[in-house]
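J.: Make a model of this:
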Amino acid sequence: MAATGGAGRGEMVREHVSDLAAALERCAERCEDALGSYVGRNPDARSSRFGVNALLAAAAMTTAAQRLIEGGDAARLALHIASTLARDAAASARSAGLDDDALLIATECERIAARCDQVLAAGRA
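T.: This next block holds a predicted model:
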């Protein structure tokens, strides 16, 4: 019975990692899409602090998702980087104003940063 419980726990951790990796990928896609829409209306935004931070966060999320799937020590560092850059992107998005796309980026980034932080705090990555 104990062996089954251990195997079940390991399977739950793998599912959790897989779910987080998928959430990171979705968030990166949403941020890139919203930024593209925002830049369509505000062409200078791509090179602004907001635009650069959003692109950096999306790249970090994609990398973190890959590292989670691969496993290993790099996953924790990648999650920490993704969380930090997502929070930076959220702050700069909020400072960009009340544009729907900027607010979407802020909300998505805050949500994924909190999720990364929970996983890191629990030691599940």
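J.: From now on I want contacts and neighbour counts done on CA atoms only, so please keep to that.
T.: Will do.
J.: what's around Glu15, how many residues?
T.: Residues near Glu15, counting by other C-alpha atoms under 10 Å, number 12.
J.: What helix or strand is it located in?
T.: If you go by DSSP states H and E, Glu15 is part of helix 2-41.
J.: Let's test this: mean pLDDT of the next helix or strand after that helix, rounded?
T.: Remark: after helix 2-41, the chain's next helix or strand is helix 49-70, criterion DSSP H and E. Regarding helix 49-70, the rounded mean pLDDT is 97.
J.: when you give positions from now on, start the count at 12
T.: In the new count, where the first residue is 12, that last one comes out as helix 60-81.
J.: Tell me which residues are up against helix 60-81.
T.: Residues outside helix 60-81 that contact it (C-alpha atoms under 8 Å, 6 or more residues apart in numbering) are 28-29, 31-33, 35-36, 38-40, 42-43, 46, 56-57, 85-86, 89-90, 92-93, 96-97, 99-101, 103-104, 107, 116, 120, 136.
J.: Which entries within the residues you listed meet the buried criterion?
T.: 28, 31-33, 35-36, 38-40, 42-43, 46, 56-57, 86, 89-90, 92-93, 96-97, 99-101, 103-104, 107, 116, 120, 136 (16 or more other C-alpha atoms under 10 Å).
J.: Quick check: the gap between Ala117 and Ala101.
T.: Noted for Ala117: a distance of 4 Å to Ala101, by C-alpha to C-alpha, to the nearest Å.
J.: before we move on, what about Gly62?
T.: From Gly62 to Ala101 the distance is 11 Å (C-alpha to C-alpha).
J.: for Ala86, same thing?
T.: 22 Å.
J.: Repeat that for Asp128.
T.: 15 Å.
J.: next one: Cys120
T.: Separation of Cys120 from Ala101 (C-alpha to C-alpha): 6 Å.
J.: do Arg60 as well
T.: Taking C-alpha to C-alpha, one finds Arg60 at 11 Å from Ala101.
J.: And stretch 77-91, end to end?
T.: 14 Å.
J.: Now Ala113. Nearest residue, chain neighbours left out?
T.: Excluding its sequence neighbours, the residue lying closest to Ala113 (C-alpha to C-alpha, 6 or more residues apart in numbering) is Ala104, at 5.0 Å.
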